[in-house]
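Enquirer: Could you work out the structure for the sequence below:
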Amino acid sequence: MLSWRGKLWLIGLIGLIITSTQGGQRALAEQSDPPGPDRADLVTVDYTSYKWWLVNWENNNVPCELYIDHDGLPTYDEVYKSCGNELYNSWFSTKPCDVSGYCEGYYLYFVDSAPASRKVGVSLPAVQVWLSLKGCELVSYTNVCKSVPILVLTADEPLPNETILRIEGRLDGDPFTCGPVCELPLKESPEGGVQLKFWAYSSYGDSSVQFQAKVRVIVLNDPMSGERFYYVDVLSDQWTGSPTASCSQTWEAFPPIQGIPDWLSTPVNASGLASNNPYELLARNLINQGVVDVSNCPDSGILPSGEASTCGLEAARPAMEKWQNRFDEQIYTVSVETGIPGKLLKNLFSRESQFWPGMMSAIPESGLGQMTINGADTTLLWNASFYNQYCPLVLDASVCLKPYALLKPVLQELLQFALVRSVNAYCVDCPFGLNLEQANSSVHTFAETLLANCEQTGRIVKNTFKKAPGIISSYDDLWRFTLVNYNAGSGCLIFALRDTQKAGEPADWYHVSSHLTPVCKGALDYVRDISQ
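Expert: Have a look, this model is predicted:
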């Protein structure tokens, strides 16, 4: 008689034979959803067993033996589970011996330790199916193909001696069967893309989970040559092709068809980030630190108000240009690592601090991106992977096993203040009054902060309109909403989106920005300065 696993394997094999038509790429009938992974095994684990007795003080009887797997006394739970409720209560209520040496009740006595082993159940890695494109070239985060694009699905069986039986799925509702490597020709889709669901069956007797993706294929003709081009975007956790536009996966938002705008791009190298803008605040700080020679300025380069004078600005121009580009290599490196657009990150630093990474006021606004306590809270709450890495640097690792939202407020505050301090490069004893090494390392923290704001923005849009953000608004405008969230706070964004919805207006930047309340209006100039 076949085992359940053997039956599943046989069913899978029969299914493969029946549906292997049209080159193995189209099923005869629509498939049912896969059962999912069902993988477990028993492994032998060696450990040290510690033997303890629960002893009666009066007669030295041993009514209970305990075996534990760690140094030190047995825990209360271990005593309760091994000895039962009655003995546990008697032991727990035992009082210290009196002054005469008389004792009653029960006590724990260590007997010995010995090597031991036991069987432990473990989950085995499940089948994965990965996506990529064939015959396309990446142009500004969009895959451009000169011929019909081919979507490649590759199934991966991590267990030795097991094989992939087949891949199944539905593309825009049409079923297909193929594998273990599939090549699906793609056809033109609506601008919002089409849904792809896919999974794989294994000889182990189970399947992968049901994976999902959104696929957009737009066909355009070159007006000069008449040549046809296919613009292809794929949004999926299983995507292994060229990098996708930052936060597009989070928002389920396709980037603009013919490429993202310049302010949301990352150049091919750090030199593409170079700028030579005049910055009054930067000039003033460079003059005050003695970096700029202002001996030819009758006003010493600084006005009575404390601002740099016209002469001071002109004298500081070479130093300003050099200084505003000193972080470009780090910005570029972090951009590649995190996916945050390099030009966006540099523009944000320009607007926030003019590249002077010390604290700007009595209110804690620190570093290149002027992080606040509320900003730190957003980073730790909405960027779980960053929290998991950062928390053990400040608190005990055992405390950090809890999500940030479940920590006591006092511990949350400790993390918030620590994060703000970590990006503040102000240093009394350092050259220029700044710890530039710390400023460089803070670039990564600000990129993670933008990822957190991207995540929070997506949730706010989805909660407001009950649909994926990419359906509600464009990729560009979702980044503008994220900048509002970063600069003015989530309250400003929430109220603006709600008022837009109540008015029955489109959720684009033009309409949403018109609903920013007076106290939030400063975000208009902020977004304009960064996105131009």
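Enquirer: buried ones in the longest helix along the chain?
Expert: Longest helix in the chain, counting residues (DSSP state H): helix 436-465. For helix 436-465, a neighbour-count test (16 or more other C-beta atoms under 10 Å) marks 438-440, 442-458, 460-462, 464-465 as buried. Every C-beta, even on glycine, is put in place using the N, C-alpha and C of the backbone.
Enquirer: Wait, R498 touches T464, no?
Expert: Yes. Between R498 and T464 there is a contact under C-beta atoms under 8 Å: 6.1 Å.
Enquirer: Low-confidence regions, the stretch 1-150 of the chain specifically.
Expert: Counting by pLDDT under 70, the ranges of the stretch 1-150 of the chain that qualify are 1-31.
Enquirer: let's go with 80 and repeat that
Expert: Low-confidence segments of the stretch 1-150 of the chain (pLDDT under 80): 1-32, 138-141.
Enquirer: mind listing the strands for it?
Expert: 40-56, 64-68, 106-123, 128-139, 142-156 (DSSP state E, counting those that start in this stretch).
Enquirer: R459 and S398, how far apart?
Expert: R459 sits 29 Å away from S398, going by C-beta to C-beta, to the nearest Å.
Enquirer: Identify the contacts common to R498 and T464.
Expert: With contacts defined as C-beta atoms under 8 Å, 6 or more residues apart in numbering, no residue is shared by R498 and T464.
Enquirer: can you list the domains in the chain?
Expert: Following automatic domain parsing, one gets these domains for the chain: 4-38+124-244, 42-97+104-120, 270-275+325-531.
Enquirer: now for the ones you listed, which one comes closest to L282?
Expert: Taking C-beta to C-beta, domain 270-275+325-531 is the member of these nearest to L282, at 4.3 Å.
Enquirer: Between the two ends of that closest one, how far is it?
Expert: 19 Å (C-alpha to C-alpha, to the nearest Å).
Enquirer: Same check on stretch 216-228?
Expert: Stretch 216-228 has an end-to-end distance of 16 Å (C-alpha to C-alpha).
Enquirer: what's the pLDDT at the residue nearest to W382 when sequence neighbours are not counted?
Expert: Once flanking residues are discounted, W382 sits nearest to A452: 3.9 Å by C-beta to C-beta, 6 or more residues apart in numbering. pLDDT, A452: 98.
Enquirer: Show the contacting residues for T379.
Expert: Counting by C-beta under 8 Å, 6+ apart, T379 touches M371, F386, Y387, L419, T445, E448, T449, A452.
Enquirer: what two of the residues you listed are the furthest from one another?
Expert: M371 and Y387 (15.0 Å).
Enquirer: ok, these two, which is more surrounded?
Expert: Neighbour comparison, M371 and Y387: the larger count goes to M371, with 28 against 22 (by other C-beta atoms under 10 Å).
Enquirer: Go ahead and confirm the more buried one touches E448.
Expert: No. Counting by C-beta under 8 Å, M371 stays clear of E448, with 11.0 Å between them.
Enquirer: roughly how far apart are P34 and S225?
Expert: Distance, P34 to S225, by C-beta to C-beta: 45 Å.
Enquirer: neighbour-wise, which of these two wins?
Expert: More neighbours surround P34 than the other of P34 and S225, with 20 against 8 (other C-beta under 10 Å).
Enquirer: Find the residue closest to that one in space, skipping its chain neighbours.
Expert: That would be S207: by C-beta to C-beta, 6+ apart, it lies 3.8 Å from P34.
Enquirer: neighbours around that neighbour, how many?
Expert: Other residues near S207 come to 25 when the count uses other C-beta under 10 Å.
Enquirer: Now do D112: how many residues are near it, please.
Expert: 8.
Enquirer: mind listing what it touches?
Expert: Taking C-beta under 8 Å, 6+ apart as the contact definition, D112 lies against K51.
Enquirer: Okay, and the beta partners of it?
Expert: When bridges are called by DSSP bridges, D112 pairs up with K51.
Enquirer: now it: how far from Y50?
Expert: Taken as C-beta to C-beta, the span from D112 to Y50 is 8 Å.
Enquirer: now do G470
Expert: According to C-beta to C-beta, G470 stands 57 Å off from Y50.
Enquirer: Which one's more surrounded, those two?
Expert: G470 (24 against 20).
Enquirer: any idea which helix or strand carries the more buried one?
Expert: Assigned by DSSP states H and E, G470 belongs to helix 469-472.
Enquirer: now H511
Expert: helix 509-514.
Enquirer: CA-only coordinates of that helix, as PDB, when you get a sec.
Expert: Presented in PDB, the C-alpha positions along helix 509-514 are these (Å, rounded to 0.1, in the frame of the first residue of the first chain):
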ATOM      1  CA  TRP A 509      -0.100  65.100  -5.600                       C
ATOM      2  CA  TYR A 510      -2.000  68.100  -7.100                       C
ATOM      3  CA  HIS A 511      -5.200  67.200  -5.200                       C
ATOM      4  CA  VAL A 512      -3.600  65.800  -2.000                       C
ATOM      5  CA  SER A 513      -1.300  68.700  -1.500                       C
ATOM      6  CA  SER A 514      -4.200  71.100  -1.800                       C
END
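Enquirer: what's the average pLDDT for that helix?
Expert: On average, the pLDDT along helix 509-514 is 97.
Enquirer: roughly how far is that helix from the heart of the chain?
Expert: Distance of helix 509-514 from its chain centroid, counting by C-alpha atoms, centre = their mean, to the nearest Å, is 28 Å.
Enquirer: Kindly report the same for stretch 113-126.
Expert: For stretch 113-126, the distance to the chain centre is 32 Å (C-alpha atoms, centre = their mean).
Enquirer: contacting residues around the spatially most distant residue from the centre of the chain?
Expert: Computed with C-alpha atoms, centre = their mean, the residue of the chain farthest from its C-alpha average is S100, at 65.1 Å. With contact set as C-beta under 8 Å, 6+ apart, S100 has no partners.
Enquirer: and Y390, what element?
Expert: Element membership of Y390, judged by DSSP H and E, is helix 384-390.
Enquirer: low-scoring stretches of the stretch 351-500 of the chain, by residue?
Expert: Residues of the stretch 351-500 of the chain that meet the criterion pLDDT under 80 lie in 358-364.
Enquirer: Repeat the analysis, applying 50 as the threshold.
Expert: 362 (pLDDT under 50).
Enquirer: So K187 lies in a strand, does it not?
Expert: No. Secondary structure assignment (DSSP: H, G, I helix; E, B strand; the rest coil) places K187 in coil, not in a strand.
Enquirer: OK, contacts around it?
Expert: Listed by C-beta under 8 Å, 6+ apart, the contact set of K187 reads V148, V217.
Enquirer: how many neighbours does Q330 have?
Expert: Other residues within reach of Q330, judged by other C-beta under 10 Å, total 18.
Enquirer: Please report the distance of it from W479.
Expert: Look at Q330 and W479: by C-beta to C-beta, they are 22 Å apart.
Enquirer: Likewise for Y109?
Expert: From Y109 to W479 the distance is 67 Å (C-beta to C-beta).
Enquirer: what's the answer for A114, then?
Expert: A114 is 63 Å from W479, by C-beta to C-beta.
Enquirer: Check T94 too.
Expert: Distance of T94 to W479, computed by C-beta to C-beta: 66 Å.
Enquirer: returning to what we had before: got the phi and psi for the residue farthest from the centre of the chain?
Expert: Phi and psi for S100, reported as degrees, to the nearest 10, are phi -80, psi -10.
Enquirer: same question, the one 3 residues further on
Expert: Main-chain dihedrals, C103, degrees, to the nearest 10: phi -130, psi 150.
Enquirer: contacting residues around it?
Expert: By C-beta under 8 Å, 6+ apart, the residues touching C103 are W57, E58, C97.
Enquirer: can you redo these as CSV with distance to V43 and neighbour count?
Expert: Compiled in CSV, the contacts of C103 are given as follows (distance: C-beta to C-beta, whole Å; neighbours: other C-beta atoms under 10 Å):
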residue, distance to V43, neighbour count
W57, 42, 14
E58, 45, 11
C97, 46, 13
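Enquirer: Before I go, just wanted to say thanks for your time.
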